[in-house]
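Trainee: Show me the folded form of this:
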Amino acid sequence: MFRSFTGSLSQSKLTDRLKQWVTSFARDEGIDPEIAPPPEAKKMPPDEVVPSQKIAVATEQAEPNDPIEDRESIWAHEWEKIADWNEVLAERIAAREQRKKMHAKRMAESHYRIEAVLMMPQQDDLPVIEESTPEPDTAPPPSTTNTVEPIEGYRSGDLDSYTPPSLEFLRTSDDYDDASMSEEELTEQRERLQETFDNFAVDALVCDATVGPRVTQYRVKPGYGVRVETIAGLDNNIALALKANAVRIQAPIPGEPYVGVEAPNPRSRTIALREAMMSATWHESTASLPVVLGMDISGQIQLCDLAKAPHLLIAGSTGSGKSVCINNIVLSLLYRFKPGELELVLVDPKRVEFAMYRGLPHLIHPVVDDAKQACQALKWLVREMETRYEIMAERRVRNLAGYNEKARAEGFAPMPFIVLIIDEMADLMMTAKDDVETPLARLAQMSRAVGIHAILATQRPSVNVITGVIKANFPTRVAFKVSSQIDSRTILDGKGAETLQGKGDMLYTPPGQSRLKRLQSPFVDDDEILRITDHLREQAPPRYRVELAAEDAPGGSGEDDGDQNEGADSLLMDALAIVATTGKASTSFLQRKLKIGYNRAATLVEELEVRGHIGPQVGSSPREVFVTPSELPR
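Mentor: Modelled structure (predicted):
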């Protein structure tokens, strides 16, 4: 305790601190510290030590066992301790000063020896010893000599004349002959609902109603002691009373002391995509990757930020509005981003859903309509994800937003978002489940930070299509009308989707929330899509930077010209030497070593695999290398 106490205090400060402590102790014991005798004054006459006559008289009249004598002995003992502490402290301070002098002497001797070595003559065959210069306080900027650069797409000057599509290409809500629910119809429905509760002796009051574009939500206040399960159990009886094919009951409404009864309107109102894009929600949105989903019951436009989602799973039976929702998502991205800011990968096994988007400048590959090409596209996205992670690691950034911010500050090319959209997931899972599920799971787990996002859609949300691996990595989900409660539980982890009305009526799980939102998807027809895509095709030609056919047949057809074969052969030998020397065989590794593009490096890796120099890619494990440096041709 003494060692730790004296390590941080000087002698004078320690003496003052001990005096304060002793003074406090003396006052607690009832002794005046000003008249307490030091230990060496015990033998002096009392009249010379204690000037106060009051204390002297009290001392002379004290009995042998008087408490005052005991206190004086304690006081003398404490002063002895203080004297010992002062001696130890003085010794420690002297030792510390001695160590300082010794250290300064050694530093001077070391500096003298270094100067003597520098003055010695150097041998001719040895490098000259130069005096080192101190490093600057600030770290130098990272070297860019071996930096992996992203593949260039559109440059900023290429899109100077680019004009985004106009809202005039879209129809307005006035173009649709719709009529909302009248006040008389609303009053009649409320009376029928209240009568149903009275007939079944349920103490509940229908308070008010909110009319949406497709359904009306009635807020019901349960009476005292009424279980919400009792109201929820009357769903079929309520549907019968309201003459509805199905009703959905929220028991209770999250955050409110009401039970929500959602019943379809006699007539629905069509929402135009133009109405959503003219709303303040769309124009004032600060989302990184916003897409329009629909309008809620209160009439508010709901957006989804794919950057936060980060992936979207859509399910719905035929005629439920799933394809229209996907078109809304694609058009939202086309209206928001230029070709150099967003890249699309569209997979259309049915070959008709994305036919209108062929030739768009945002595409990095023609619309994929073959299962084998779809698998190759997923593998390419995984490699692109790994390459982006390497680039960001060298730039010392954590995500795409930080990379693009640094790109604007330092003047190098930013990275675009990449959005993968698969229209019919069930067909791919039936034809190539093993080749599809693994890369999708890797993308879903890791691609968020590098700006790659996936949107999967299927009309058969069974456990064979939406497996546990896929479902666990797609937290944001949209469910349209499905055929059974089992399908609803598969997509939403709960019931409700089987009671939807179809034609754009959806349940949406926002990212990071468990509360379901009921939305009505905007409607967009083929003529509107064609007007927008024709305008975009006139603005800029597509720049396909991915060749899935070449990856499917890496050896080529043998019809290339001689110059291309000659260049490939020379790079192939260089790549073989690098692989044999380092024992590593990956596309990104060869891309850095040879300073070539990604596609060329991938072709070299596949050529090495065809020739038997390296093994195939098995999951995330590195490729095996079968060639050694001694086997290389000399």
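Trainee: For residue 23, see how far away residue 86 is.
Mentor: Using C-beta to C-beta, to the nearest Å, residue 86 is found at 17 Å from residue 23. From N, CA and C alone the C-beta is placed, and that goes for glycine too.
Trainee: Tell me the helix or strand right after the helix or strand hosting residue 86.
Mentor: Residue 86 belongs to helix 67-119 when elements are defined using DSSP states H and E. Toward the C-terminus, helix 67-119 is succeeded by helix 183-199 as the next helix or strand (DSSP H and E).
Trainee: Can you name the residues in contact with that next one?
Mentor: With contact meaning C-beta atoms under 8 Å, 6 or more residues apart in numbering, helix 183-199 is reached by 203-206, 209, 211, 216, 218, 220, 231, 234, 237-238, 241-242, 261, 263, 266.
Trainee: again, only this time at 10 Å
Mentor: The contact list for helix 183-199 (C-beta atoms under 10 Å, 6 or more residues apart in numbering) reads 180-182, 202-209, 211, 216, 218, 220, 222-223, 226, 230-231, 234, 237-244, 247, 261, 263, 265-267.
Trainee: between the following helix or strand past it and helix 183-199, how big is the angle?
Mentor: Proceeding N to C from helix 183-199, the next assigned helix or strand is strand 204-211, under DSSP H and E. Interaxial angle of strand 204-211 relative to helix 183-199 (axes from the mean of the first three to the mean of the last three C-alpha atoms, to 10 degrees): 150 degrees.
Trainee: Output the contacting helices and strands for the helix or strand following strand 204-211.
Mentor: Sequence order places strand 215-222 as the next helix or strand after strand 204-211, per DSSP H and E. With contacts taken as 3 or more C-beta pairs under 10 Å, 6 or more residues apart in numbering; DSSP states H and E, strand 215-222 sits against helix 183-199, strand 204-211, helix 228-232, strand 248-250, strand 259-264, strand 517-520.
Trainee: now strand 215-222, how far from the centre of its chain.
Mentor: 37 Å (C-alpha atoms, centre = their mean, to the nearest Å).
Trainee: before we move on, what about stretch 207-219?
Mentor: 36 Å.
Trainee: buried stuff in that stretch?
Mentor: Within stretch 207-219, the residues that count as buried by 16 or more other C-beta atoms under 10 Å are 209, 211-219.
Trainee: could you dump these to JSON lines with distance to residue 548 and pLDDT?
Mentor: Listed next are the buried residues of stretch 207-219 as JSON lines, based on distance: C-beta to C-beta, whole Å; pLDDT from 0 to 100:
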{"residue": "209", "distance to residue 548": "53", "pLDDT": "90"}
{"residue": "211", "distance to residue 548": "49", "pLDDT": "89"}
{"residue": "212", "distance to residue 548": "44", "pLDDT": "88"}
{"residue": "213", "distance to residue 548": "41", "pLDDT": "88"}
{"residue": "214", "distance to residue 548": "41", "pLDDT": "87"}
{"residue": "215", "distance to residue 548": "44", "pLDDT": "90"}
{"residue": "216", "distance to residue 548": "49", "pLDDT": "91"}
{"residue": "217", "distance to residue 548": "47", "pLDDT": "92"}
{"residue": "218", "distance to residue 548": "53", "pLDDT": "93"}
{"residue": "219", "distance to residue 548": "53", "pLDDT": "93"}
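Trainee: how about those in CSV, adding distance to residue 588?
Mentor: As requested, the buried residues of stretch 207-219 are exported to CSV (distance: C-beta to C-beta, whole Å):
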residue, distance to residue 588
209, 59
211, 56
212, 50
213, 49
214, 49
215, 51
216, 56
217, 53
218, 58
219, 57
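Trainee: Which single one of the residues you listed is nearest to residue 622?
Mentor: Comparing the buried residues of stretch 207-219 against residue 622 with C-beta to C-beta places residue 214 closest, at 53.1 Å.
Trainee: Give me the distance from whichever strand or helix holds residue 385 to the chain's centre.
Mentor: For residue 385, the host element (DSSP H and E) is helix 371-395. From the chain centre to the centre of helix 371-395 is a distance of 18 Å (C-alpha atoms, centre = their mean).
Trainee: same thing with stretch 445-459?
Mentor: So, by C-alpha atoms, centre = their mean, the centroid of stretch 445-459 is 12 Å from its chain's centroid.
Trainee: what is the mean pLDDT for that stretch?
Mentor: For stretch 445-459, mean pLDDT is 91.
Trainee: buried set for it?
Mentor: 447-459.
Trainee: What of stretch 344-354?
Mentor: Result for stretch 344-354 [16+ other C-beta under 10 Å]: buried residues 344-349, 353-354.
Trainee: Stretch 422-432 now?
Mentor: 422-429.
Trainee: same question, stretch 471-486
Mentor: For stretch 471-486, the neighbour count (16+ other C-beta under 10 Å) marks 471, 473-482 as buried.
Trainee: Could you do stretch 384-392 as well?
Mentor: Within stretch 384-392, the residues that count as buried by 16+ other C-beta under 10 Å are 384-388, 390-392.
Trainee: Assess the claim that residue 605 and residue 594 are in contact.
Mentor: No. Using C-beta atoms under 10 Å, residue 605 makes no contact with residue 594, being 11.2 Å away.
Trainee: Of those two, which one has the most company?
Mentor: Between residue 605 and residue 594, counting by other C-beta atoms under 10 Å, residue 605 is the more crowded of the two (25 against 15).
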